[in-house]
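In: Structure for this input, please:
(2 chains)
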Amino acid sequence: MSLLGLMVFLAIPGTVLAQTTVRGSECKPGAECTAGNYRVKLTLNQTSFNTTDDYFVTVDQLDSLSSDWRLEVDVIPSRGTSATTVKYTDDNGDRVRRQTKIHFPIGGSWTIQVIIQGQVNNGYLRLPATVEAPPKLPDWLAWVIGLSPLIGLIGFAIGQWRFIVWRKRAALLVQAESESSSSIKIPLNL
Amino acid sequence: MENIQNNTAAFVPAVSTKDVPRAEANNSRAVQRISNYRLAVGWFMNVVWIVSLFALDWDAQWHINVGRDGFWTPPHLVFYSTVAICGVLCLGVTLLETLLYYRRYPGINDEATTPCLFIFHGPIGFMLAGFGMLIMLSSAPLDDYWHRIFGIDLEIWTPFHVMLLLGISIANLGMLYLFASEMNRRKAWAKPGPTNLLLANLRDLVRPATLGLAVAGMAMYTRLWFLFAETSFGISGKPGTLTLGTYKLSAYSLVLAGVPFLLVALVYATGRPGIATLTGLLLLVFRFFDVILVNLGIQSLAVGQGISLRSEVNDNLGIFTTYPVYTFAAGLLIDIVYLLTRRWRSAGGGWHTLLVGVGSSLGAGVLLFLIERPWETFNNTINELLKTNSNPLLTSFLKNSMFYPAYWQALPLVIVIAMLAGVVGMGLATSLRYTER
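Out: Have a look, this model is predicted:
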């Protein structure tokens, strides 16, 4: 079975896709930028990021792109950020403006990669982002919380022990009473 | 007073339930009805719980292969849904029986329920399992918070993962008590069976309560192995070892020595030889389907959706490959010892039984130590790969992955752990044997 498990997962690399690479020129929010063949303006509703809020990436096209264009935004972790790339596609918009909601799952250093998927080719823009993690609990407190269910478990074990002692005493009492009235022996043990 | 037995809506005020005379004997229809409904709910929970076992293993593999792009990944959705369902069931049973207790419903009294928090009265198994589910659900946002700080590659032994796994263990324990309680209560009205001992035992093994107990035992094993997965071979890409002096002992073998505790508890609590073997076989079946379903979950819901897999995925084996394959052999040994020592135990009382229980645990632990050596299969596979590989980097990686623990030097510690497991198992057996409410 261990061999089977190993073979399953050695087979998986055959389907592994390349780790996402960052492409395109850097673009500041609010500025006009060139993404491949397209001139666009990129805006964000906020410029400071955390792991709790959602953010809206809006792209306004400034030249005559056809109406058939789509927006994809990838949030790509930088080296040292223990995370995986998350992809978002546009969920609303029109011929001129498209918008996507993004979210950062983990604090650290990220890159927001904007991909404008036009009819002819794609255009890329990137924007570095530093995402603030929530304030960290002290390790000792985290472990106290994490191990707190043991209190309930220990309480249950003590309760069960007391219950067993009480049952055995009750059984002894019953046996003593029955022995005084008959010769039938009641087994008390396992 | 005669209305109580037939009309559940009737309410007769009394000072306490002890003032109300017991209207039913142990084999009354009301008591049996209650036991039947508890068993039905318990079995429904068992089935949902098995789905959660697959979901958690799938989640572990999702973390390894895909990463963690958020909290609501498909495995999380399945896992926490099943936990919520089981939690609601436990809460529902407790509230219902509390209500019926105060309404003096026949069969729901101090003999059939356990008090909790001064107000509630319900079956101890459901209340304990519900407590475990509550801990699991409470740990979810805390675990998400911890991941937001530290990223996706957290080890299993982080504070809130441990909280989750403790909750799972408590819930599993509750399910053991749930089925043990009903099994003990139903002995009062069990019909006489075949005179042939083997047939009678086989019939007893497939009774709903006993079978439910075996399934709950299998579930408990899978989650305890998850808890100890940090010690297992290959989970974090490096084998777990315990270093004693110059010896690197295989942590997997040491944890394996503790496996018999639950098998011993099941046999001595139920008095039904065969249940330990059955539990081991169920674990084998579960592991087989676990491999298939987890791989399917990754292929269809990750690769099939175009989600990138992590390029370093080669390093990590599935958590389920650590589940011991030969648990059924250990169970068989314990069952056989139980059968062969029946007369000696009956003659000698509690101490003889304890001795046999600890002894059979010791035998089972040593047996598992001798036959369950996953690193040998792994090393053989690496050797086969090395024969066909020409990439120097991969060769170096593969050679470094091979694992040669100090094997026989671990035996004394294995013996000690196995004997302690026997003591714990006998304690659990005593507790399960006495539970009826």
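In: Run a quick neighbour tally on residue 94.
Out: Just going to use chain A. By the measure other CB atoms under 10 Å in any protein chain shown, the count of residues near A:D94 is 8. Using the backbone N, CA and C atoms, a C-beta is placed for each residue, glycine as well.
In: other chain: chain B
Out: Neighbours of B:T94 (other CB under 10 Å): 21.
In: Quick check: phi and psi at it.
Out: phi -60, psi -50 (degrees, to the nearest 10).
In: Next up, the contacts around it.
Out: By CB atoms under 8 Å, 6 or more residues apart in numbering or on different chains, the residues touching B:T94 are B:116, B:120, B:122-123, B:126-127, B:130.
In: Could you verify my assumption that A:V96 touches A:V59?
Out: No - applying CB atoms under 8 Å, one finds A:V96 not in contact with A:V59, separated by 9.5 Å.
In: and these two? which has more neighbours close in?
Out: Shown here are A:V96 and A:V59; by other CB under 10 Å, A:V59 has more neighbours (28 against 11).
In: ok but that one is inside a helix, no?
Out: No - applying DSSP: H, G, I helix; E, B strand; the rest coil, one finds A:V59 to be strand, outside a helix.
In: touching chain B at all, stretch A:148-168?
Out: Yes - Stretch A:148-168 reaches chain B (CB under 8 Å from any CB of the partner chain) through A:148-150, A:152-153, A:156, A:160-161, A:163-164, A:167.
In: Let me see the ranges of the helices in the stretch 251-400 of chain B.
Out: In the stretch 251-400 of chain B, helices defined by DSSP state H, counting those that start in this stretch lie at B:251-256, B:260-270, B:275-301, B:327-340, B:342-348, B:350-371, B:374-388, B:392-401, listed in chain order.
In: Need the winner for burial among these.
Out: Greatest average neighbour count among the helices of the stretch 251-400 of chain B goes to helix B:260-270 (a mean of 28), per mean count of other CB atoms under 10 Å in any protein chain shown.
In: got the contact list for it?
Out: A:190, B:180, B:183, B:210, B:213-214, B:217, B:220-221, B:273, B:275-276, B:279-280, B:327, B:330-331, B:334-335, B:338, B:353, B:357, B:360-361, B:364-365, B:368, B:418, B:421-422, B:424-426, B:428-430, B:432-433.
In: Rounded mean pLDDT for it, please.
Out: Over the span of helix B:260-270, the pLDDT mean works out to 95.
In: circling back: can you put the helices of the stretch 251-400 of chain B in a markdown table and add distance to A:E179?
Out: A markdown table is the format used below for the helices of the stretch 251-400 of chain B (distance: least, CB to CB, whole Å):
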| stretch | distance to A:E179 |
| --- | --- |
| helix B:251-256 | 46 |
| helix B:260-270 | 26 |
| helix B:275-301 | 33 |
| helix B:327-340 | 29 |
| helix B:342-348 | 19 |
| helix B:350-371 | 18 |
| helix B:374-388 | 55 |
| helix B:392-401 | 67 |
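In: follow-up on the earlier one: weed out the non-buried ones from the residues of stretch A:148-168 next to chain B.
Out: A:149, A:152-153, A:156, A:160, A:163-164, A:167 (16 or more other CB atoms under 10 Å in any protein chain shown).
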